[in-house]
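Student: show me the folded form of this:
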Amino acid sequence: MLVIQPTGPSCQYQVAPAPILTLDSLSELRGLLGRVVTHPDDLESNPNILDFGQGFRPLDARFSGSGNNFGPLDKNTLWGTSLYYSLERGYFLFKNLDASADLTAWVPNLRDTLIVQNAKLRTVSDRNIFYSDNAAYLQIDSSQGSKDYFLAFPNNEITKIPLGFNAGVMIHEFTHMVTQYFFHSKRSQAGRELNDSSTNVLNAFDEGNSDYFAFLATRDPRFFHCSFPDGTDRDLSHNKVLTAAQASSIRTSIDFDAHTTGAVWASVQYQIGELIGHEENGKSLVRFLMNLASCTGLSSSSAQVTFATLRNCHLQALGNRNSNQIQQIYQNAFSAAGGM
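Tutor: Below is the predicted model of the structure:
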């Protein structure tokens, strides 16, 4: 299948053949990881849209070819196929790092996930304007259970690689789904509430961890800058430290930016990967995620979560391998947080 995919470490993308292994129906772009669909309305204009999954339509996908060789006939089909392919890369990334991280064992309705192409959603700051380029993972809880969505928005206002075409961005969003089922769902089932500081630390970790797994899939530490070359520094290969202002915002929730603070966590993971090997670090982080609820104490009692908590959970998942060097990397990055 022809899809848009990264071909090098320097924001090089091209349309090239790649196998898509989990599709049940090519014409409907439906398979193990869900269905590619569209919706004519603003997704928030009616609560039934997201709460009950109403009004979504299959993508009008058009292909040419035969046997195992197919190619999209138009841009929408190419985009939809590439969206599914990027999420499939995320799925196999986790499954291959640890067989117990296969999401089919964690998500009871994985095939019902909706991958919404050309999603319409108004911005929070201006209700008259729709997002024109963005990507997101959402889990909606309703009386009918949890529903999972990946949203890819129209891409008419970006001069570089649109986020929906950026494999790193979509795998970042897939990692949010993994974290939701490995950690947040366990915490919610236990009925544990978090204070603002713990919530901010975990949100920053979630964003940074998602950046690191996106790097593992693409091997491009600058994947985010492929779409936003002049944006906030999300290049994982740039060592970053938590600033005093960021540490204060974690505690006070004023002007807290989970992506900027998360970039510090992603930088730390990149440094650890350079030290012990990125695949080895990736495997440790999968173990870390699967045991995070119990390690933080949130599965059984209320607890204060700090970066020191997360560091200790990571060291535990690593089996304390290179413990002194890794602790120093964490200390260098998060010393502004005081007790981390």
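Student: element containing Leu93, please.
Tutor: Applying DSSP states H and E as the criterion places Leu93 in helix 75-97.
Student: and for Val37?
Tutor: strand 34-38.
Student: quick check: mean pLDDT of that strand?
Tutor: Averaged over strand 34-38, pLDDT sits at 97.
Student: show me what counts as buried in the following helix or strand past it.
Tutor: Proceeding N to C from strand 34-38, the next assigned helix or strand is helix 47-52, under DSSP H and E. Buried residues in helix 47-52, counted by 16 or more other Cβ atoms under 10 Å: 49-50. Bear in mind the C-beta positions are built from the backbone N, C-alpha and C, glycine included.
Student: what strands line up against the helix or strand that comes right after helix 47-52, and which way round?
Tutor: Remark: after helix 47-52, the chain's next helix or strand is strand 57-58, criterion DSSP H and E. Neighbouring strands of strand 57-58 in its sheet, by DSSP bridges, are strand 34-38 (antiparallel).
Student: got the CA coordinates for the strand it pairs with in CSV?
Tutor: Output of strand 34-38 as CSV, limited to C-alpha atoms (Å, rounded to 0.1, in the frame of the first residue of the first chain):
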residue,chain,number,x,y,z
GLY,A,34,-10.6,0.9,14.4
ARG,A,35,-12.3,2.7,11.5
VAL,A,36,-11.4,5.8,9.5
VAL,A,37,-14.5,8.0,9.4
THR,A,38,-15.7,11.6,8.8
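Student: element containing Val15, please.
Tutor: Assessed by DSSP H and E, Val15 sits inside strand 13-17.
Student: so that strand versus helix 75-97, what angle?
Tutor: For strand 13-17 against helix 75-97, the angle by axes from the mean of the first three to the mean of the last three Cα atoms, to 10 degrees is 80 degrees.
Student: identify all contacting residues around strand 13-17.
Tutor: For strand 13-17, contacts defined as Cβ atoms under 8 Å, 6 or more residues apart in numbering pick out 1-7, 69, 78, 161, 165, 226.
Student: which of the residues in the next helix or strand along the chain from it are buried?
Tutor: Heading C-terminal from strand 13-17, the first helix or strand you meet, by DSSP H and E, is strand 23-25. By neighbour count on 16+ other Cβ under 10 Å, the buried set for strand 23-25 is Leu23.
Student: average pLDDT across the helix or strand that comes right after strand 23-25?
Tutor: From strand 23-25 onward toward the C-terminus, using DSSP H and E, the following helix or strand is strand 30-31. Strand 30-31 carries an average pLDDT of 97.
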